[in-house]
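Undergrad: model this:
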Amino acid sequence: MKLDRIDLKILSELQKNGRITNVELAERVNLSPSPCLMRVKKLQSEGYIANYSAQINLSKLGQALTVFTEVTLKNHRQADFARFLAAIEKIDSVMECHLISGGYDYLLKFVTVDVIEYQTTMERLLDLEIGIEQYFSFVVLKSPIVRSYLPLDTMFRL
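TA: Model (predicted):
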């Protein structure tokens, strides 16, 4: 499927508000409702829209701690990366895991209730002997900018 400007505009609007009505979406992308709905269904069936979800306001639920963790593995064979990822995938507090270039192998984003839970999780990972040589933790004090949508219109000009 080749995307056009209207498809990108639909994706842009849906990532900002997944609960937008088809009529309102059609207005924003300058289509009539029926063709707009057909395009949305096509974008879903082709996998451009992975899922719909709700963004939860954590501060309403209570305190939470976000920690970014740089991880270096002892060895760099395919089996070492696979063993590490298999263990990390089982940790619910890992929100993101990125294989990165530079001085470290992975950048992880944890969200836990507090520093004690984070440290307990890291100690469990070290006890599993999954190849972690060292790790560095960066506790988030404040997040003045957090975007939940991508700037599709500037990333992919059609």
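Undergrad: what residue ranges in this structure are flagged as low confidence?
TA: 158 (pLDDT under 70).
Undergrad: all helices for it, in order.
TA: With helices called from DSSP state H, the chain shows them at 5-16, 22-28, 33-45, 58-61, 78-88, 115-127, 152-155.
Undergrad: which one of those helices lies closest to Ser143?
TA: With Cβ to Cβ as the criterion, Ser143 lies closest to helix 58-61 of the helices of the chain, at 10.6 Å. Every C-beta, even on glycine, is put in place using the N, C-alpha and C of the backbone.
Undergrad: Just the residues contacting the closest one, thanks.
TA: Ala64, Val111 (Cβ atoms under 8 Å, 6 or more residues apart in numbering).
Undergrad: can you check stretch 100-112 too?
TA: Residues from elsewhere that reach stretch 100-112 (Cβ under 8 Å, 6+ apart): 58, 64-73, 76, 81, 84, 88, 93-99, 118, 121, 136.
Undergrad: Pick the most deeply packed of the helices of the chain.
TA: Mean neighbours per residue, mean count of other Cβ atoms under 10 Å, is largest over the helices of the chain for helix 5-16, with a mean of 18.
Undergrad: so which of the helices of the chain comes closest to Tyr52?
TA: Across the helices of the chain, Tyr52 has its closest neighbour in helix 5-16 (8.1 Å, Cβ to Cβ).
Undergrad: Taking the centroid of this protein, which residue is nearest it?
TA: In the chain, the residue lying closest to the centroid (Cα atoms, centre = their mean) is Glu96, at 5.9 Å.
Undergrad: Now do stretch 88-103: distance to the chain's middle.
TA: A distance of 11 Å separates the centroid of the chain from that of stretch 88-103, by Cα atoms, centre = their mean, to the nearest Å.
Undergrad: Report back the residue of this protein that's furthest from centre.
TA: Centroid-distance maximum for the chain: Ser32 at 32.2 Å, with Cα atoms, centre = their mean.
Undergrad: how about the residue lying closest to it once chain neighbours are set aside, what does it touch?
TA: Of all residues not flanking Ser32 in the chain, Ala26 sits nearest, at 6.0 Å (Cβ to Cβ, 6 or more residues apart in numbering). Neighbouring residues of Ala26 by Cβ under 8 Å, 6+ apart: Ser32, Pro33, Pro35, Cys36, Leu37.
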